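Novice: Following is a predicted model, sequence given first.
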Amino acid sequence: MLPIHTRGSTYYENYNLARNNLGVYSNFNITAQYNFNINRQTLSNGLRNLLLQNPIFTVNYFKGDKSEAAKNLFDYTVKPSQTISFDDIVEYVPLDHPFNAENLQEINLRRFELSINKPIWKLLVHEFKDQQYLTFLCDHTIFDGNGACFFHDDLLKELSKLKDNTQLEELDTIFDYEDDLHLLHALPETTLKLTSLYNLKYFFFNWVILSEILPKFITNFVWKNVYDVDFDTYKVFTHKRVDIKSKICYRIINLSQDETKSIMTSLRSEKLTFTPYLLGIISEQLRVKVFPYISEEEKIISASIVVDGRRYYPELHQQLKYNFAVSDARVFVPPLLKLKEVIERSSKIIKDAVTSRNGFQMVNMINYINIWDFIQKRFGKYDRATFEISNLGYKKFQTSDGSEITNLIFSQDVGLSGHFVFSVVGTPAGGINIVLCNLEETEELKNASTYNKVMDEFVQALKASLIESIDTL
């Protein structure tokens with residue numbers, strides 16, 4: 001019996017399919033530097049091995065006749081492309097400078113087409129002198145941030161086996177479904193079939209429904225007690241209405257190996273972790289450096305923190321590696337709190353969210369809405385979080401022969417999430433990279449005294465505060 005290579009789309013994939021069709025979100029991407037140069041022969045053979053072992057990299061979403069947005073019907077089949085050439089999935093990009101934020105801006109303009117015989121990902125090989133930067137960019141429908149990191153981990157393992165083989169020939173065709181059918185592994189089961197991660201509890205479902213129909217003063221009272229925030233006195237920060245055509249701007253903040261070590265050592269001594277610390281510093285510096293140019297009123301900050309659900313199922317690491325397994329936790333930060341208070345507050349909220357899994361249950365509520373209407377009704381509204389943090393953690397990708405990924409940069413589109421999005425990943429050699437993307441509405445702000453862009457001054461202050469404030473905790 002042959003392995004199964006097709007399936008229908010899940011409800012969380014349907015949400016991302018709708019985002020794709022409506023032009024809401026382009027792609028997210030992970031750029032890696034390897035400690036050896038990779039030629040076309042090694043890369044083409046390494047990619048072929050990776051695809052045969054992980055058929056999720058061969059698929060696209062093929063639309064059927066029953067799909068109808070008005071009726072919220074999704075008739076998509078996930079199945080392999082018939083053939084995949086090297087040029088379908090690899091593009092060489094010559095640079096006249098080291099890889100930087102301008103490249104991230106260009107990458108963000110790329111989108112993937114559905115229902116065609118090509119995968120919904122690509123590998124860009126940026127080359128500057130003797131340096132290579134390999135960017136894996138993909139549609140969010142099928143991958144999440146850690147899945148994209150695992151791509152580089154698995155590719156490193158394949159390339160390390162092949163890099164010294166001088167007899168390899170460059171492959172023009174990476175994959176042919178008919179010829180490779182007997183070699184291709186089965187598509188993994190979805191997260192929904194493998195786990196109870198997104199299961200919805202009766203009490204949570206009823207509360208979400210009630211919160212939509214109860215008078216606002218009642219729900220405000222409940223949320224005030226849940227989040228310990230005075231929503232009556234202070235408004236949540238928002239700037240301009242949701243406009244998906246807004247230009248996205250990027251900056252890369254690097255904390256060196258030594259700076260990272262110093263920060264993490266101090267945080268561990270205080271029994272704190274990096275994400276709440278980053279949240280506290282961002283909140284502090286936004287209030288000082290950015291908010292005064294937008295509003296004179298004190299505001300509540302709304303922060304969305306991405307949570308990875310793989311933590312609950314370590315025994316399913318291989319099966320969940322290239323599955324969707326994320327949700328978010330919402331942290332509200334009222335004005336006038338000290339940094340340590342913000343950090344401790346957000347630490348507790350994130351831990352509670354991880355324990356309750358409420359964010360994952362909320363994902364399940366997609367089943368009870370018209371996805372197309374839900375997305376489109378957000379257009380033109382003040383409906384963004386203040387900022388989002390997506391922290392992929394500290395990645396140590398290396399093989400026994402000394403092959404290693406020395407640096408990672410994680411970047412993404414803003415979509416409908418926050419006015420500011422912070423994408424974070426770290427490596428032993430490269431330290432921590434924080435990519436900030438912000439909308440054009442804040443990019444245009446300037447300091448009348450210095451004539452500098454407000455966002456440039458914010459980034460400088462953010463990095464300095466990350467390094468210096470650790471001694472004040």
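Specialist: That came through, no problem.
Novice: All the strands of the stretch 101-250 of the chain, residue numbers only.
Specialist: Secondary structure of the stretch 101-250 of the chain by DSSP state E, counting those that start in this stretch: the strands cover 121-128, 131-138, 173-176, 235-236, 248-255.
Novice: Give the partner strands of the third one in its sheet and their orientations.
Specialist: Read that as strand 173-176. Sheet pairing of strand 173-176 (DSSP bridges) gives strand 83-85 (antiparallel).
Novice: May I have the lowest-mean-pLDDT helix or strand in the chain exported as CSV, CA atoms only?
Specialist: Sorting the helices and strands of the chain by mean pLDDT, DSSP states H and E puts helix 216-227 at the bottom, at a mean of 73. Extracted as CSV, the C-alpha positions of helix 216-227 are listed here (Å, rounded to 0.1, in the frame of the first residue of the first chain):
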residue,chain,number,x,y,z
LYS,A,216,-20.0,46.4,27.0
PHE,A,217,-20.0,47.6,30.6
ILE,A,218,-20.3,44.0,31.8
THR,A,219,-17.5,42.7,29.6
ASN,A,220,-15.3,45.7,30.5
PHE,A,221,-15.8,44.8,34.1
VAL,A,222,-14.8,41.2,33.5
TRP,A,223,-11.8,42.1,31.5
LYS,A,224,-10.8,44.7,34.0
ASN,A,225,-10.6,42.0,36.7
VAL,A,226,-9.0,39.4,34.4
TYR,A,227,-6.2,41.6,33.2
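Novice: Could you save the strands of the stretch 101-250 of the chain as a markdown table and add columns showing mean neighbour count?
Specialist: To be clear about C-beta, it is placed using only N, CA and C from the backbone, and glycine gets the same treatment. Listed next are those as a markdown table, based on neighbours: other C-beta atoms under 10 Å:
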| stretch | mean neighbour count |
| --- | --- |
| strand 121-128 | 18 |
| strand 131-138 | 21 |
| strand 173-176 | 20 |
| strand 235-236 | 14 |
| strand 248-255 | 19 |
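Novice: Comparing these, which yields the minimum mean pLDDT?
Specialist: Among the strands of the stretch 101-250 of the chain, strand 235-236 carries the lowest mean pLDDT, a mean of 92.
Novice: for it, packing partners?
Specialist: If you count contacts as 3 or more C-beta pairs under 8 Å, 6 or more residues apart in numbering; DSSP states H and E, strand 235-236 packs onto strand 299-308.
Novice: what inclination does the strand it packs on have with respect to helix 216-227?
Specialist: 60 degrees (axes from the mean of the first three to the mean of the last three C-alpha atoms, to 10 degrees).
Novice: Does strand 299-308 pack against any helices or strands, and if so which?
Specialist: helix 145-162, strand 235-236, helix 274-289, strand 326-333, helix 339-356, strand 385-394.
Novice: TSV for those, including distance to residue 433?
Specialist: Converted to TSV, those look like this (distance: least, C-beta to C-beta, whole Å):
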stretch	distance to residue 433
helix 145-162	12
strand 235-236	29
helix 274-289	12
strand 326-333	20
helix 339-356	21
strand 385-394	10
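Novice: Break the protein down into its structural domains.
Specialist: Structural domains annotated on the chain: 7-194, 204-472, as defined by automatic domain parsing.
Novice: related to what we said a few turns ago, how far out from the middle of the chain is the least confident helix or strand of the chain?
Specialist: From the chain centre to the centre of helix 216-227 is a distance of 30 Å (C-alpha atoms, centre = their mean, to the nearest Å).
Novice: One more: stretch 455-468?
Specialist: 22 Å.
Novice: Using neighbour counts, pick out the buried residues of it.
Specialist: 455, 457-459, 461-463, 465-467 (16 or more other C-beta atoms under 10 Å).
Novice: Show residues contacting stretch 438-457.
Specialist: 239-240, 243, 246-249, 251, 289-290, 293-294, 414, 419-421, 436 (C-beta atoms under 8 Å, 6 or more residues apart in numbering).
Novice: what comes up buried for that stretch?
Specialist: Those would be 438-439, 442-443, 445, 453-455, 457, for stretch 438-457 by 16+ other C-beta under 10 Å.
Novice: Could I get those residues in a markdown table, plus columns for distance to residue 99?
Specialist: Converted to a markdown table, the buried residues of stretch 438-457 look like this (distance: C-beta to C-beta, whole Å):
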| residue | distance to residue 99 |
| --- | --- |
| 438 | 20 |
| 439 | 23 |
| 442 | 24 |
| 443 | 21 |
| 445 | 27 |
| 453 | 22 |
| 454 | 25 |
| 455 | 20 |
| 457 | 24 |
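Novice: May I see those residues organised as a markdown table, with secondary structure added?
Specialist: What follows is the buried residues of stretch 438-457, written out as a markdown table (DSSP: H, G, I helix; E, B strand; the rest coil):
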| residue | secondary structure |
| --- | --- |
| 438 | strand |
| 439 | strand |
| 442 | helix |
| 443 | helix |
| 445 | coil |
| 453 | strand |
| 454 | helix |
| 455 | helix |
| 457 | helix |
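Novice: The helix or strand containing residue 78 - contacts with which helices or strands?
Specialist: According to DSSP states H and E, residue 78 maps onto strand 76-80. Counting contacts by 3+ C-beta pairs under 8 Å, 6+ apart, strand 76-80 packs against strand 7-8, helix 11-22, strand 59-63.
Novice: Report the buried residues of that strand.
Specialist: Neighbour-count burial for strand 76-80, counted by 16+ other C-beta under 10 Å, picks out 76, 78-80.
Novice: neighbouring contacts of the least confident helix or strand of the chain?
Specialist: In contact with helix 216-227 (C-beta under 8 Å, 6+ apart) are residues 211, 229-232, 332, 349.
Novice: low pLDDT regions in the stretch 251-400 of the chain?
Specialist: Applying pLDDT under 70 to the stretch 251-400 of the chain flags no residue at all.
Novice: in the stretch 351-473 of the chain, which spans are strands?
Specialist: Under the criterion DSSP E, counting those that start in this stretch, the stretch 351-473 of the chain contains strands at 385-394, 405-412, 418-427, 431-439.
Novice: Can I get those in CSV including distance to residue 109?
Specialist: What follows is these, written out as CSV (distance: least, C-beta to C-beta, whole Å):
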stretch, distance to residue 109
strand 385-394, 20
strand 405-412, 12
strand 418-427, 16
strand 431-439, 13
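Novice: how about those, which one is nearest residue 96?
Specialist: Closest approach to residue 96 among those (C-beta to C-beta): strand 405-412, 18.8 Å.
Novice: For that closest one, give me every contacting residue.
Specialist: Strand 405-412 has contacts (C-beta under 8 Å, 6+ apart) with 27-35, 99, 104, 107-108, 140, 145, 148-149, 152-153, 156, 250, 252, 390, 392, 395, 397-398, 421, 423-427, 429-430, 433, 435, 437.
Novice: can you give me the offset of it from its chain's centre?
Specialist: Worked out by C-alpha atoms, centre = their mean, strand 405-412 lies 12 Å from the chain centre.
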